[in-house]
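A.B. asks: With the sequence up front, the predicted model follows.
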Amino acid sequence: MAKTLVSKGYSVSGSTTTEIKISLLAQEGINPFLINFELEQNYFGSFFFESDVLIICLPPKRHSGEHTSYPKKIRKIADAAQLGKVKKVLMISSTSVYADVNREVTEGEIPEPDTESGIAILEAEQIIESYKSFCSTVLRFGGLIGPGRNLAKFFSGKCNIANGLAPVNLLHLEDCVQLTEHILNSDAFGYTFNACSPDHPTRMDMYTKVAEISGLEKPHFLPELSKWKLINGNKVSTQLNYKYLVNNWSEFLGQDKL
């Protein structure tokens, strides 16, 4: 995302928690900052937060206890954004805020997450939306697929995998970047959007195909449908006139690329 915005002429700052990545960011024309809100340091005076727009792309970690520390981390970031007089905040969230309710879900309903990470992410969304000093938009991404995110590795060679007929809710990296940029260019703040390809093949079909393309052993799913959800991501199309770059997985995967 940062590299794309730099190429379009934006002045972009990027934060990292590790010193080794400082030079990597700088090489891409990104103004690098070392920031780690898990520490007790005070970053409220950092020039990083003296920006027009802050994009928060910080998922919870997968270790135990993160469901309580993650919202606290987001609040620290929101406080820093407020003191830095950030005007707009775009929070990259996740469709994991929706439970498996065996039906289609849209932004119009109140999520009731059934996982620790989903609960933490929803609380973080509510924290960002509670601040009145900046205008915020929440963008809930579906499952990510693309370079560096090969779905075949999750199930390759495994047998008797449950829920093979459940629909997938995926979003390609190209759409992640293009939709984020579209929201910035459209000044679409003050909203909540789902971001998910309008095509929802079964887990069985999707993961078998990506394994085939990757040259990995195919997984074996049980042809059953238990808990599932179908994420409706059409609001960005109807409200923002955004056209998904990947809207047909069979056609996309037919090009033998991920």
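C.D. replies: Now that the structure is in, tell me what you want to look at.
A.B. asks: List the buried residues in stretch 245-252.
C.D. replies: Val246, Trp249, Phe252 (16 or more other Cβ atoms under 10 Å). Using the backbone N, CA and C atoms, a C-beta is placed for each residue, glycine as well.
A.B. asks: swap that for stretch 220-235, sorry
C.D. replies: For stretch 220-235, the neighbour count (16+ other Cβ under 10 Å) marks Phe221, Trp228, Lys229, Leu230, Ile231, Asn232, Gly233, Lys235 as buried.
A.B. asks: Just the ones of the residues you listed in helices?
C.D. replies: Lys235 (DSSP state H).
A.B. asks: With pLDDT and distance to Arg103 as new columns, can the buried residues of stretch 220-235 be given to me in a markdown table?
C.D. replies: Formatted as a markdown table, the buried residues of stretch 220-235 follow (pLDDT from 0 to 100; distance: Cβ to Cβ, whole Å):
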| residue | pLDDT | distance to Arg103 |
| --- | --- | --- |
| Phe221 | 95 | 21 |
| Trp228 | 96 | 9 |
| Lys229 | 97 | 7 |
| Leu230 | 98 | 7 |
| Ile231 | 98 | 11 |
| Asn232 | 98 | 10 |
| Gly233 | 97 | 15 |
| Lys235 | 97 | 17 |
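A.B. asks: Kindly indicate which of the buried residues of stretch 220-235 lies nearest His172.
C.D. replies: Gly233 (12.1 Å; Cβ to Cβ).
A.B. asks: pLDDT below threshold where in the chain?
C.D. replies: 39-45, 63-67, 256-257 (pLDDT under 70).
A.B. asks: middle-most residue in it, spatially?
C.D. replies: Nearest to the centroid of the C-alpha atoms of the chain, with distances taken as Cα atoms, centre = their mean, sits Phe141, at 3.9 Å.
A.B. asks: do you know how far that one is from Glu212?
C.D. replies: 25 Å (Cβ to Cβ, to the nearest Å).
A.B. asks: Kindly tell me how buried Ser156 is, as a neighbour count.
C.D. replies: Per other Cβ atoms under 10 Å, the neighbour tally for Ser156 reads 17.
A.B. asks: Is it in contact with Val210, as I believe?
C.D. replies: No. Contact criterion Cβ atoms under 8 Å: Ser156 and Val210 do not qualify, at 9.0 Å.
A.B. asks: doesn't Ser15 fall inside a strand?
C.D. replies: Yes. Counting by DSSP: H, G, I helix; E, B strand; the rest coil, Ser15 is found in a strand.
A.B. asks: Correct me if wrong: it contacts Ile35.
C.D. replies: Yes. Counting by Cβ under 8 Å, Ser15 touches Ile35, with 4.2 Å between them.
A.B. asks: Identify the contacts common to the two.
C.D. replies: By Cβ atoms under 8 Å, 6 or more residues apart in numbering, Ser15 and Ile35 have these common neighbours: Phe48.
A.B. asks: Between these two, tell me which one has more neighbours.
C.D. replies: Ser15 (21 against 18).
A.B. asks: Does that one have any beta-bridge partners, and if so which?
C.D. replies: Phe33 (DSSP bridges).
A.B. asks: could you list every residue that touches it?
C.D. replies: Counting by Cβ under 8 Å, 6+ apart, Ser15 touches Pro32, Phe33, Leu34, Ile35, Phe48.
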